[in-house]
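Enquirer: Next comes the sequence, and after it the predicted model I'd like to discuss.
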Amino acid sequence: MPEAEIQQTAPPAFDVPRHVAIIMDGNGRWAAARGLPRAEGHRRGVEALRRTIRAAGEIGIKIVTIFSFSAENWSRPASEIGELMGLLRRFVRNDLAELHKSNVRVRIIGERMGLDPDIGRLLIEAEELTKNNDGLILVVAFNYGARQEIVRAVQRVSEEIANGRMTAAGIDMDSITRFLDAPDIPDPDLIIRTSGEQRLSNFLLWQSAYSELVFVPTYWPDFDRATLESAIREYQQRERRFGGLVAQTGS
Ligand code: FPP
């Protein structure tokens, strides 16, 4: 078998990751450990989110993707769903102006159909208001499931074939990527999951093919700049080969 070539496009291992995606887990357990309602855990989770966005910008991360409501979260009790929707409403109403002032560009991924119309409007408002900002990109995965995203992309590819614009034999990886929810956003370099759970839970399955995964025991409401920096240090110790070989010095 020929030696795989070293990918020249891979960022150097010592770099700050360009794109960090976060599974913000453990709000409920954080609250339970303190005898507080789960809703309080989610509210404190929003505070952790504000801290994290600020810290990410300061550290030099260019893109942050957050898993804020999964397609599977609909199976939670109606009261908790209502609380999470309320938090999104308040987040957009209270924080959008500040994000805009900080030059943050908001992008949304996930299924819009089936959401309350006012939520749909808030998501559009967040994207529209910030669309010309060129600072940190905040990708909010809302009503998001990776398998569902891939299914939507495959449906779009099938339509292209049905319309004669593509052939089945012509499908390649780019054909799928092109129809994902944010095709222009580069894949995450680092995915962090808080709370000690070690799985992806239907988050960015296509885009995570070569992401480094870092699992931290911290519950999301306690996440802060120090935790983020320590996850980045762990990432920096990883050797990213993208299926190729390690760069050899002096050979
Ligand atoms: C996981 O904790 C967290 C969520 C399901 C929601 C994450 C949402 C936020 C941090 C705030 C919302 C932010 C926006 C922008 C809407 P969990 O409830 O699964 O915790 P557990 O596993 O301990 O029960």
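Expert: Now that the structure is in, tell me what you want to look at. Numbering: from 1, shown residues only.
Enquirer: wait, isn't residue 131 in contact with residue 108?
Expert: No - using Cβ atoms under 8 Å, residue 131 makes no contact with residue 108, being 11.6 Å away. C-betas here are computed from N, CA, C, even on glycine.
Enquirer: which of these two has more neighbours?
Expert: Taking other Cβ atoms under 10 Å, residue 131 and residue 108 do not tie; residue 108 has more neighbours (21 against 10).
Enquirer: which residues does residue 88 contact?
Expert: By Cβ atoms under 8 Å, 6 or more residues apart in numbering, residue 88 lies in contact with 68-69, 119, 122, 142.
Enquirer: same thing but at 7 Å, please
Expert: Residues near residue 88 by Cβ atoms under 7 Å, 6 or more residues apart in numbering: 68, 119, 142.
Enquirer: now residue 161
Expert: 167-168.
Enquirer: again with residue 193
Expert: Contact partners of residue 193, counting by Cβ under 7 Å, 6+ apart, are 23, 25, 215.
Enquirer: For it, give me phi and psi.
Expert: phi -120, psi 130 (degrees, to the nearest 10).
Enquirer: What residues are recorded as beta-bridge partners of it?
Expert: Taking DSSP bridges, one obtains residue 23, residue 215 as the residues bridged to residue 193.
Enquirer: Just the pLDDT for it.
Expert: On the pLDDT scale, residue 193 is placed at 98.
Enquirer: how far away is it from residue 42?
Expert: 17 Å (Cβ to Cβ, to the nearest Å).
Enquirer: Count the neighbours of residue 246 for me.
Expert: Other residues within reach of residue 246 by the criterion other Cβ under 10 Å amount to 10.
Enquirer: try residue 233
Expert: 10.
Enquirer: buried set for the helix or strand containing it?
Expert: Using DSSP states H and E, residue 233 sits within helix 225-237. Residues 227-228, 231-232, 234-235 are the ones in helix 225-237 that count as buried (16 or more other Cβ atoms under 10 Å).
Enquirer: Which one of the residues in the stretch 1-150 of the chain is closest to the ligand?
Expert: Ranked by Cβ to the nearest ligand atom, the top residue of the stretch 1-150 of the chain for proximity to the ligand is residue 28, at 2.5 Å.
Enquirer: circling back to that earlier point, so can I have JSON lines of the contacts of residue 193 showing pLDDT, distance to residue 187 and neighbour count?
Expert: JSON lines is the format used below for the contacts of residue 193 (pLDDT from 0 to 100; distance: Cβ to Cβ, whole Å; neighbours: other Cβ atoms under 10 Å):
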{"residue": "23", "pLDDT": "98", "distance to residue 187": "16", "neighbour count": "24"}
{"residue": "25", "pLDDT": "97", "distance to residue 187": "21", "neighbour count": "24"}
{"residue": "215", "pLDDT": "98", "distance to residue 187": "19", "neighbour count": "17"}
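Enquirer: Neighbours of the residue lying closest to residue 225 once chain neighbours are set aside, how many?
Expert: The shortest distance from residue 225 to any non-neighbouring residue, by Cβ to Cβ, 6 or more residues apart in numbering, is to residue 55 (3.8 Å). Residues near residue 55, counting by other Cβ under 10 Å, number 18.
Enquirer: next one: phi and psi at residue 55?
Expert: Backbone torsions of residue 55, given as degrees, to the nearest 10, read phi -60, psi -40.
Enquirer: coming back round to it: out of the contacts of residue 193, who's near the ligand?
Expert: Near the ligand, taking Cβ under 6 Å from any ligand atom as the test, the members of the contacts of residue 193 found are residue 25.
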